[in-house]
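Colleague: return a 3D structure for these sequence lines:
(4 chains)
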There are 2 protein chains.
Amino acid sequence: MLDVKRLRVLREVAAKGSFSAAAESLAYTQSAVSQQIAALEREAGTRLVDRSARGVRMTDAGRALVRHADVILARLSDAEAELEAIAGLRGGRVRLVSFASAGATLMPRAIALFRERHPAVELTLEPAEPEDAVAKLRSGDADIALTIDAEFCSLTDEGVEVTHLLDDPMYAVLPRDHPLAAKPRIRLRELREDAWLAGSQRGCPDTMILVRACNAAGFEPRIAFHSDDYLAIQGFVAAGVGVSLIPDLALLAVRDDVVIRALKESPPVRRIQAATLRDGYKSPAIEAMMGTLQEVGREFETQRQELALAS
Amino acid sequence: MLDVKRLRVLREVAAKGSFSAAAESLAYTQSAVSQQIAALEREAGTRLVDRSARGVRMTDAGRALVRHADVILARLSDAEAELEAIAGLRGGRVRLVSFASAGATLMPRAIALFRERHPAVELTLEPAEPEDAVAKLRSGDADIALTIDAEFCSLTDEGVEVTHLLDDPMYAVLPRDHPLAAKPRIRLRELREDAWLAGSQRGCPDTMILVRACNAAGFEPRIAFHSDDYLAIQGFVAAGVGVSLIPDLALLAVRDDVVIRALKESPPVRRIQAATLRDGYKSPAIEAMMGTLQEVGREFETQRQELALAS
DNA sequence: GTCGAGCCATAACTTCAAGTGACATTCCAT
DNA sequence: ATGGAATGTCACTTGAAGTTATGGCTCGAC
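Modeller: Residues are numbered from 1 along each chain as shown, chains lettered A, B, ... in the order given. The predicted model follows:
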């Protein structure tokens, strides 16, 4: 393989027209240039420069090689520039995976903020429930996975690192004609006879929170139906199938035929987290996105508290 | 500057997914690959691969660098291929400079033959009288210059190397109504009273040959007019301005209102030569063209003798 | 003509990086 | 738990890249 450092020497020789001038321009000695060109000719198997007492001229092969050298060296410095760009967050990519309710709330805000700050970083967002999201992380198909209470869902198998973003409290959702709909705040225990609508059937995050909260209130919820989609759940509630808990993040879209009621006891909370590979190298873009996610998490927490006060 | 040999290692690591596999594929030890990648990361100032116990994965920067490496390495092997092509006469160029009468006869034949053999070599042909032709050679604007009797024209200043191609004999050109037109062969001396038409005014090649031949025949020619163009000279002869000598090579176009007569004494001869830079490197293409020119020179000499017998 | 300036080539030497080999370490799978 | 497969580290050898010093060549000026 031709040595590219020697190509750089050759190019300089071609430009300057003599070994000595090229040597000065490269901060080499004339001797070094002479030896490097000789070595390059040995590699190439052909004369590359035509020496004379008044300098040198390129041969056919030399001219051809200089043309290639120009392209190669230009591309090399492009590569260096791109490395700097990536280090300076003017490049790179972040692949995010998020569950649905964050995908519609937290993520749009975080992505908008990030894109404003680092427009050159390529962002992709894919929906997946926490379990699948962490699997994608592990397999290298994602850089950041949003999870809910990963510690309680056996997702935290050493190797996955979890960063807390925000606590997402849950409220009761009742049909408008429910006996308790008139009260501004209710106790969970008052709903012990109702049928319940729970989250994703596999039970991991939201369902577990619901069950644990009911258990803490002293009863086992009778679960009538499972769904991941909080709008669908609201639909079931409105239709009188049962009652449910709905997280603050899902309140951006509330049907007008259901009512949301805060709980008197300290509410169950979804701990929303961002998971990354522990020990895995994190590019500057990923680090920056983690920062943005935490920032947006805090932002949502303060906004949520204002909403809670207003309600 | 990033080291391209290391880029090759990086590319192999990216392709194989592990240092060990890359090492085997490159016939290195795993240790060498590890050290080379570490060095490349030091040069790049960023992590390039994400190590784990089950192999490695590229980081953003690593992926970007591999993309560039692919282009650079491909271009490098393109360069090697082109060098081989030039060495194997599947590339390169030859810049020829020729005086007019060869440019219309010898050169078309030589160029046709050469192009048939080495179609990929770029050929250019420029007209210039011997003096200018050698100047172009010296200044590096031409590779081969056709000359006439360079030794007698002070063109052979050491540094220019001259190769004989063919001897081009000259014949007398007379107007059809000239007293000597009836004789098949004439003596030069019989034309001592006529006015003469000579070649290029600066007198170098053809004019010198004419003058020397007349002197050898015992008289000084009275030169009425100078012209480089043998067709023009024939025109002057036909018009009765004078007589002239015309070289065999110019006989491809003979007007029918003049007659060509061989000389009884051994005829004056134009020694047609190809000049190159002495000691200058000659590319394979130039060497091959020199061979072709000598071959075509011999071809013209044998054809000329047949013509001479027939006349 | 000779002499100096400028150019390239070569030899001897120093220095540094590339690669090897041996070993430690970590992680996953059987 | 233990073996296999991966990476990282250390010490060592070797070869290549530079420097310095020198010589030879050509051209142009005095």
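Colleague: just the buried positions in stretch A:125-143, please.
Modeller: Buried positions in stretch A:125-143, judged by neighbour count with 16 or more other CB atoms under 10 Å in any protein chain shown: A:125, A:127-134, A:136-138, A:142-143. Placement of C-beta: from N, CA and C, glycine included.
Colleague: which of those sits closest to DNA strand D?
Modeller: The shortest distance between DNA strand D and any of the buried residues of stretch A:125-143, using CB to the nearest atom of the strand, involves A:Arg138 and amounts to 17.3 Å.
Colleague: the closest one is in contact with A:Asp132, isn't it?
Modeller: No: A:Arg138 lies out of contact with A:Asp132 (CB atoms under 8 Å); the separation is 10.7 Å.
Colleague: okay, who's weakest in the buried residues of stretch A:125-143 by pLDDT?
Modeller: In terms of pLDDT, A:Arg138 ranks lowest among these, with 73.
Colleague: gap between that residue and DNA strand C?
Modeller: 9 Å (CB to the nearest atom of the strand, to the nearest Å).
Colleague: same check on A:Thr29?
Modeller: 8 Å.
Colleague: pull the contacting residues for the closest residue to that residue other than its chain neighbours.
Modeller: Nearest non-adjacent residue to A:Thr29, counting by CB to CB, 6 or more residues apart in numbering or on different chains: A:Ala23, 5.8 Å away. Contacts of A:Ala23 were listed using CB atoms under 8 Å, 6 or more residues apart in numbering or on different chains, and they are A:Thr29, A:Gln30, A:Ala32, A:Val33.
Colleague: the same query, at a cut-off of 6 Å, please.
Modeller: By CB atoms under 6 Å, 6 or more residues apart in numbering or on different chains, the contact list for A:Ala23 reads A:Thr29, A:Gln30, A:Val33.
Colleague: with A:Arg189 instead?
Modeller: A:Ala217, A:Gly218.
Colleague: what are the ranges of the strands in the stretch 1-150 of chain A?
Modeller: Along the stretch 1-150 of chain A, counting by DSSP state E, counting those that start in this stretch, strands occupy A:49-52, A:55-58, A:93-98, A:122-127, A:144-148.
Colleague: does anything pack onto the lowest-mean-pLDDT helix or strand in chain A? Which helices or strands?
Modeller: Within chain A, no helix or strand scores below helix A:130-138, which has a mean of 80 by mean pLDDT, DSSP states H and E. When contacts are defined as 3 or more CB pairs under 6 Å, 6 or more residues apart in numbering or on different chains; DSSP states H and E, helix A:130-138 packs onto strand A:144-148.
Colleague: average pLDDT for the strand it packs on, rounded please.
Modeller: On average, strand A:144-148 scores 91.
Colleague: list the buried residues in the next helix or strand along the chain from it.
Modeller: With elements assigned by DSSP states H and E, the helix or strand that comes after strand A:144-148 is strand A:160-175. Neighbour-count burial for strand A:160-175 flags A:160-162, A:165-166, A:168-175 (criterion: 16+ other CB under 10 Å).
Colleague: look up how far chain B lies from A:Leu245.
Modeller: 39 Å (CB to the nearest CB, to the nearest Å).
Colleague: residue contacts, that residue?
Modeller: A:Met170, A:Leu210.
Colleague: state the pLDDT value of A:Gly280.
Modeller: So A:Gly280 comes in at 63 (pLDDT).
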